[in-house]
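A.B. asks: Any chance you could fold what I've pasted below:
(one chain, ligands or ions: 2)
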Amino acid sequence: SAPSQPAAEASGCPFHRAGEPAPNGCPVSSQAAAFDPFDRPYQLDPAEALRWSRDQEPVFWSPRLGYWVVSRYDDIKAIFRDNHTFSPSIALEKITPPSDEALAVLKRYDYGMHRTLVNEDEPAHMARRRELLDAFTPEALEAHAPMVRRLVRERLDAIIDRGRADLVAELFWEVPLTVALHFLGVPEEDMEQLRRFSVAHTLNTWGRPSPAQQVEVAEGVGRFWQYSGEVLRRMQARPNGHGWMHDMIAKNREKPDVVTDSYLHSMMMAIIVAAHETTALATANAFRQLLSRPAVWAELCANPALIPAAAEECLRHSGSVVAWRRIATREVAVGGVTIPEGGRILMVTASANHDPRHFENPDELDIYRDNAVDHLTFGYGSHQCMGKNLGRLEMRIFLEEFTRRLPHLELEEQTFTFLPNTSFRGPEALRVRWDPARNPERRDPAVRNAQRDFPIGAPESRAIVRRVRVTRAAPEAEGILGVTLADPAGGRLPAGSPGAHLDLVLPNGETRKYSLCGPADSGDWRLAVLREPEGRGGSRWVHETVTEGLALEVRGPRNHFRLDEGAERYLLIAGGIGITPIIAMADRLKALGKPYELHYAGRGRDTMAFLGRLERDHGAALRLYPRAEGARLDLATLLAEPREGSLIYACGPERLLDALARQTRHWPEGSLHVEHFSAEGTALDPEREHAFQVALADSDLTLEVPRDRTLLQTLRAAGIDVPSDCEEGLCGSCQVAVLDGEVDHRDKVLTASEREGQDRLMTCCSRARGKRLVLAL
Ligand code: HEM
Ligand code: FES
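C.D. replies: Numbering: from 1, shown residues only. Ligands and ions are numbered 1, 2, ... in the order given. Okay, here's the model as predicted:
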């Protein structure tokens, strides 16, 4: 049956409708009853306003809104995944039912906003989306970069000697609008008028205008509708025009049943807003967040390689779209709560982006965060924002120009205001100041044009590099150099969890992994590097070059070797330099008061690092096996009896790890955890590979993975963002769920039974055994 507007109904309450008497009074909690997205808390900070919900009631009925509100990451992603059960058809519906007067005004303008892409159901939506993808390939978007750059520069030139500005008024509104119009092929129009139209459209769709305002808003929307129709007709008269709207007009001629007439007019109006307001607000949010943390801003100015990662983190922390809608097409459970057929759903993506179940320290703005790209600000699945890479491109160019030309920019003291609505969010003004006498280009005019470009697409986690300074470099044992790294600005470096490592960037751009040895609370990072004469040269470089005072670049810390703190007891086994992660684990287990044994084998005491500290801190648990003294670690005896409730953590030469794998076969699966530092056999050899197909169930796309490309590379090229880190099968960050097909596993992350399950794979290295895989992406 056709769903009705619940807020307009007399009762509105789905519990009454379901005819279920509540067992102990009203099932709507007092917090749920009080929730109103138009109240101050949500308007100021939607993620914060829903903290209680994330913690206590992640899916609740809001009587004031007439919607089911969902606030946790996993629940929202599950809704985005299934656009048959959760139809997007209400995405552009007026969230506040319009008054009769407003309806009369709209009728006068013949207003008929209908299906576009974002609110279209399958199968019509995907058929249309596939026809319209060409404008979003990396090559096509690359062509817009010079124009974005030019616009930002010109606007910046105009204010740079002024010392004060409202960046929203001067740049953040008009540049994205101009870019959007250019992208769409719409002739440039009266910008002020378009800005007023956008505001009316947002209030009409996501706002709660008072009865008096409703008429005024309807007037604006009606004029916007009329205007869109006129522009469309003018564009239709120029069949050879360029831009995405012209692509649509051409498709409309070619395939009128796929790209329909009604679609064209609705899309014309919706896209002008979708393509610019989102980006304008996202840019204002990003600058506000970064400038209100001067140390983070300074870090970005000093290390502009971080700009793509910082922009992404701002989209997560403070996105411009904070909530999106779906309607249930059948009765369905979300997070254990039953939503009836026809239930309207408000997914508060800003809340999902602050869900600690998915993001560590979610309220912190961490420009080094490597899974920021998982945020839901662009939505997810088959409707995921098509323009995300254009939005990213613009934000990055804004940040790059400002960090280079105005690194001394400061936020003025001000109260921020927001257009009251549920979904689009960004400050209406952003006032900043700076001292023009300190503009770097006054000393060096070359600064103005010294631009840096970034590849189109999701940020590459490899580019997330941190600068550190060596504060100590001294022998730890024979052939082992102990290195301490500190924050050059004097701050505390974030503690790595036990088992975490850093990737040290060598001058030739290669990286080497070194475990953090602790102690964890020191505020600096300590490594121990063994000189390996037979190695690839990284350790030699460290031994010969690293001295106190040297500046280094590192990535991480990352942890591919996490300590499960839930076991009853532990067996820690280290061979040689493998002691480095193991000592950090021993420290942690001691602090937790867990029983553990530490077995440490090496050539001789003079080559074994940390002996003093180990004997002091872990004396009772420590067994040493220096071979020079005839001591031998006898794994067969040590591991003869599987120990119930024990976990083994081991690091050392491959020989030792292989022996461990053999000697623990009779232990319960999952008892043994080892750290691999190299992933031999994951490099791609096109001669030995075959091409295969991947069908993406959530995105409704099928891609061809050629023999000379990884699955991860293929996904990225199609605009599907998958986080990755090591890209050699070691870390597990690129894992995706497999729905069908047989996998040729090449990683070192999954256990034997996880592989047999055939329900997940690492996209950076694993491939299809046969011709086809189906993935939950
Ligand atoms: C859809 C956000 C920029 C074009 C969406 C959706 C969101 C969103 C939340 C709905 C996703 C879903 O239902 O799963 C954003 C944000 C942007 C941005 C935060 C900037 C920071 C752009 C730009 C364009 C654009 C620049 C155009 C050039 C679209 C289109 C859709 C869409 C066409 C509909 C896709 C479909 O339903 O298949 N966007 N957007 N967006 N966006 Fe964006
Ligand atoms: Fe590390 Fe794929 S990126 S396993």
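
A.B. asks: How many residues are close by the closest residue to Ala463 other than its chain neighbours?
C.D. replies: Excluding its sequence neighbours, the residue lying closest to Ala463 (Cβ to Cβ, 6 or more residues apart in numbering) is Ala305, at 5.2 Å. (Glycine included, C-beta is placed from N, CA and C.) Using other Cβ atoms under 10 Å, Ala305 has 16 other residues around it.

A.B. asks: Ala305 reaches Arg462, doesn't it?
C.D. replies: No. Ala305 lies out of contact with Arg462 (Cβ atoms under 8 Å); the separation is 9.8 Å.

A.B. asks: What segments of the stretch 101-250 of the chain are helices?
C.D. replies: Per DSSP state H, counting those that start in this stretch, the stretch 101-250 of the chain carries helices over the ranges 124-131, 138-142, 145-159, 167, 174-184, 191-206, 211-236, 244-254.

A.B. asks: most packed of those helices?
C.D. replies: helix 167 (a mean of 25; mean count of other Cβ atoms under 10 Å).

A.B. asks: Tell me the helices and strands packed up against the longest helix seen in the chain.
C.D. replies: The single longest helix within the chain, with elements called by DSSP state H, is helix 261-291. Helix 261-291 is packed against helix 174-184, helix 191-206, helix 211-236, helix 244-254, helix 294-302, helix 307-317, helix 388-405, strand 410-411, with contacts defined by 3 or more Cβ pairs under 8 Å, 6 or more residues apart in numbering; DSSP states H and E.

A.B. asks: Can I get the helices of the stretch 101-250 of the chain in a markdown table including distance to ligand 2 and mean pLDDT?
C.D. replies: Shown next, in a markdown table, are these (distance: least, Cβ to the nearest ligand atom, whole Å; pLDDT from 0 to 100):
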| stretch | distance to ligand 2 | mean pLDDT |
| --- | --- | --- |
| helix 124-131 | 28 | 90 |
| helix 138-142 | 20 | 91 |
| helix 145-159 | 28 | 97 |
| helix 167 | 37 | 98 |
| helix 174-184 | 32 | 94 |
| helix 191-206 | 37 | 90 |
| helix 211-236 | 44 | 92 |
| helix 244-254 | 33 | 91 |
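
A.B. asks: could I get these as TSV with distance to Glu754?
C.D. replies: Formatted as TSV, the helices of the stretch 101-250 of the chain follow (distance: least, Cβ to Cβ, whole Å):
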stretch	distance to Glu754
helix 124-131	32
helix 138-142	34
helix 145-159	42
helix 167	49
helix 174-184	44
helix 191-206	43
helix 211-236	52
helix 244-254	43
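
A.B. asks: Which among those is found nearest to Val749?
C.D. replies: helix 138-142 (28.8 Å; Cβ to Cβ).

A.B. asks: That closest one vs ligand 1: in contact?
C.D. replies: No. Using Cβ under 6 Å from any ligand atom, helix 138-142 stays clear of ligand 1, with a minimum separation of 9.2 Å.

A.B. asks: Distance from that helix to the middle of the chain?
C.D. replies: In terms of Cα atoms, centre = their mean, to the nearest Å, the centre of helix 138-142 is set 21 Å apart from its chain centre.

A.B. asks: Equivalent analysis for stretch 264-275, please.
C.D. replies: Distance of stretch 264-275 from its chain centroid, counting by Cα atoms, centre = their mean, is 26 Å.

A.B. asks: Leu739 - that's part of a helix, no?
C.D. replies: No. In this structure, Leu739 is strand, not part of a helix, as judged by DSSP: H, G, I helix; E, B strand; the rest coil.

A.B. asks: what are the phi and psi values for the nearest residue to it once chain neighbours are set aside?
C.D. replies: Closest residue to Leu739 apart from its sequence neighbours, by Cβ to Cβ, 6+ apart: Val774 at 4.3 Å. Dihedral pair for Val774: phi -120, psi 130, per degrees, to the nearest 10.

A.B. asks: Need the phi and psi values for His690.
C.D. replies: Dihedral pair for His690: phi -120, psi 150, per degrees, to the nearest 10.

A.B. asks: measure the spatially closest residue to it that is not a sequence neighbour to ligand 1 for me?
C.D. replies: Of all residues not flanking His690 in the chain, Arg707 sits nearest, at 5.9 Å (Cβ to Cβ, 6+ apart). Using Cβ to the nearest ligand atom, to the nearest Å, we find Arg707 at a distance of 31 Å from ligand 1.

A.B. asks: In contact with Arg707, which residues?
C.D. replies: If a contact means Cβ atoms under 8 Å, 6 or more residues apart in numbering, then Arg707 has 686, 689-691 as its contacts.
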